[in-house]
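S.K.: sequence below, structure please.
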Amino acid sequence: MENGEQETLEDGDLEEDTALALQRLVDLTASMVTPVRTLRSRYRLVQELGAGTYGRVLLARPRRGGPPVALKLLPRASASWTTFLREFCVGRCVSSHPGLLSTLAPPLQSPRHYAFAQEYAPFGDLSGMLEERGLPELQLKRVGVQLAKALDFLHSRGLIHADVKPDNILVFDRACHRVALGDFGLTRPEGCPAPAPPGPLPSAPPELCLLRPPDTLALRPELDSWGLGVLLFCAATACFPWSVALAPDPEFETFAAWLTARPQPASPPYPWTQFSVAAQTLLRGLLALEPESRSHPAAVLDWAGEDWLVGGARAEDEEEGEEGSSGGGGDEEASLDEASEEEEGAQQGTGR
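M.R.: Next comes the predicted model:
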């Protein structure tokens, strides 16, 4: 897409304007999708970076040279044409912000997959850094501030990410000088209906967890506020605060009782004791039970100058030049025959 097309979405102030602008971009981009017989004609596929119900993400090197990319593949058998185009268009429109993962043109379609490239984060996603313990305070604040700014940017464009969680935070260096929010598969204009989650999600707010099909919920920025609050807890402790934000989950019930207690108890319940009073105030605002009472993600910036963890910052090496182990990728191609689509003999067309 050209720069002018990106600005169309960014300049929309009203919910309806954003939805209409996004639909226009989807319609325009449909004619720009490049058909290829096999993805290997454009990229050398190195290794798998991740996989899920959506499809796969592969580390790939452009045949014509340039830095490696993360190539997202969506199976045409299960992913709709519109869903693919919408995710690509949203990614392109918000790529100017450093806290949001850049999406690269052109979008591609092969006989078996829709695909598009995104910038590659050498240190993988945030969940990979939290396998043993939470982040030191300095890194925790860097993550919080960058994500707060990224969400503020999204919301100012009338978009709701709707899937803020550690798996969707990409890390570019061990010290977290740059992290970026990715995966725009659920991102929609504000006010669009969101369905009930397919199962218990620890990052989902109570109002979404309470939904039962076919009921839906209008997307609002408060949904991302909750996701950010849960993510900060995860980044600090290396675990989710609860399995699901509903009773009878014991951890959630304990939190809700502390949040609504009047008068406030002298000290919070464990594990919230790990946070300073300032961080407790921040998290209580982001995780308010009633959506209309939640703080905006930018509230993180108001508390960035305070201590967040009890006992001060945990020590941690911050060696800038250290290579990541979670997504490095060697020079030899992995066995990616299924994803590579060696379909030279296939007779089906490359149309929709």
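
S.K.: straight-line length of stretch 166-174, end to end?
M.R.: 15 Å (C-alpha to C-alpha, to the nearest Å).

S.K.: quick one: mean pLDDT over it.
M.R.: The average of the pLDDT scores along stretch 166-174 is 97.

S.K.: ok, stretch 179-199 next?
M.R.: pLDDT averaged over stretch 179-199 gives 95.

S.K.: so which bits of it are buried?
M.R.: 179-190, 192, 194, 196 (16 or more other C-beta atoms under 10 Å). No exception for glycine: its C-beta is placed from N, CA and C like everyone else's.

S.K.: out of the residues you listed, who's nearest residue 27?
M.R.: residue 189 (15.2 Å; C-beta to C-beta).

S.K.: end-to-end on stretch 128-144?
M.R.: End-to-end for stretch 128-144, by C-alpha to C-alpha: 17 Å.

S.K.: work out the gap between that stretch and the centre of the chain.
M.R.: Per C-alpha atoms, centre = their mean, to the nearest Å, the displacement of stretch 128-144 from the mean C-alpha position of its chain is 16 Å.

S.K.: just the CA coordinates for stretch 29-36, please, in CSV.
M.R.: Provided in CSV are the C-alpha atoms of stretch 29-36 (Å, rounded to 0.1, in the frame of the first residue of the first chain):
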residue,chain,number,x,y,z
THR,A,29,-5.3,-4.3,-1.2
ALA,A,30,-7.2,-7.2,-2.6
SER,A,31,-5.9,-6.4,-6.1
MET,A,32,-2.4,-6.0,-4.9
VAL,A,33,-1.9,-9.5,-3.5
THR,A,34,0.9,-11.2,-5.4
PRO,A,35,0.2,-14.8,-6.5
VAL,A,36,3.2,-17.2,-6.3
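
S.K.: list the contacts of it.
M.R.: 1, 42, 81, 85, 88-89, 105-110, 114, 350-351 (C-beta atoms under 8 Å, 6 or more residues apart in numbering).

S.K.: residues contacting stretch 198-215, please?
M.R.: Contacts of stretch 198-215 (C-beta under 8 Å, 6+ apart): 163-165, 194-197, 217, 222-223, 226-227, 230-231, 240-246, 289, 291.

S.K.: next, the buried residues of that stretch.
M.R.: Buried-residue list, stretch 198-215, by 16+ other C-beta under 10 Å: 201-209.

S.K.: sorry, back to before: give me the PyMOL select line for the contacts of stretch 198-215, limited to the buried ones.
M.R.: Paste this into PyMOL to select the buried members of the contacts of stretch 198-215, with burial taken from 16+ other C-beta under 10 Å:
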select buried, resi 163+164+165+194+196+217+222+223+226+227+230+231+240+241+242+244+245+289+291
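
S.K.: just the contacts of stretch 198-215: which are in strands?
M.R.: If you go by DSSP state E, those have 194-195, 217 in strands.

S.K.: going toward the C-terminus from the lengthiest helix in the chain, what's the next helix or strand?
M.R.: Ordering each helix of the chain by length in residues (DSSP state H) puts helix 137-156 first. Where DSSP states H and E defines the elements, the next helix or strand beyond helix 137-156 is strand 159-160.

S.K.: and that following strand, which strands flank it?
M.R.: strand 188-189 (antiparallel) (DSSP bridges).

S.K.: which residues sit against the partner strand?
M.R.: Contacts of strand 188-189 (C-beta under 8 Å, 6+ apart): 15, 18-19, 22, 158-160, 162, 194, 219.

S.K.: residue ranges in the stretch 251-352 of the chain under the pLDDT threshold?
M.R.: 312-352 (pLDDT under 70).

S.K.: quick one: low-confidence ranges for the stretch 101-250 of the chain?
M.R.: For the stretch 101-250 of the chain (pLDDT under 70), the answer is none.

S.K.: residue boundaries of the helices in it?
M.R.: For the stretch 101-250 of the chain, helices defined by DSSP state H, counting those that start in this stretch occupy the ranges 126-129, 137-156, 206-209, 221-237, 250-260.

S.K.: ok, and the most crowded of the contacts of stretch 29-36?
M.R.: In terms of neighbour count, residue 88 stands highest of the contacts of stretch 29-36 at 30 neighbours, by other C-beta atoms under 10 Å.

S.K.: quick one: secondary structure of that residue?
M.R.: helix (DSSP: H, G, I helix; E, B strand; the rest coil).

S.K.: any idea how far it is from residue 55?
M.R.: 13 Å (C-beta to C-beta, to the nearest Å).

S.K.: grab the longest strand from the protein for me.
M.R.: Under DSSP E, the chain gives strand 43-52 as its longest strand.

S.K.: how about it: buried residues?
M.R.: Across strand 43-52, burial judged by 16+ other C-beta under 10 Å covers 43-50.

S.K.: hmm, residue 195 is touching residue 216, no?
M.R.: Yes - the pair residue 195 and residue 216 qualifies as a contact (C-beta atoms under 8 Å) at a distance of 5.5 Å.

S.K.: my guess is residue 22 meets residue 89, correct?
M.R.: Yes - at 6.4 Å, residue 22 counts as touching residue 89 under the criterion of C-beta under 8 Å.

S.K.: ok, of the ones in strands among the contacts of stretch 198-215, which one's closest to residue 94?
M.R.: residue 194 (18.9 Å).

S.K.: was I right about the closest one contacting residue 220?
M.R.: No - with contact defined as C-beta under 8 Å, residue 194 does not count as touching residue 220 (9.4 Å).

S.K.: fine by me, thanks again.
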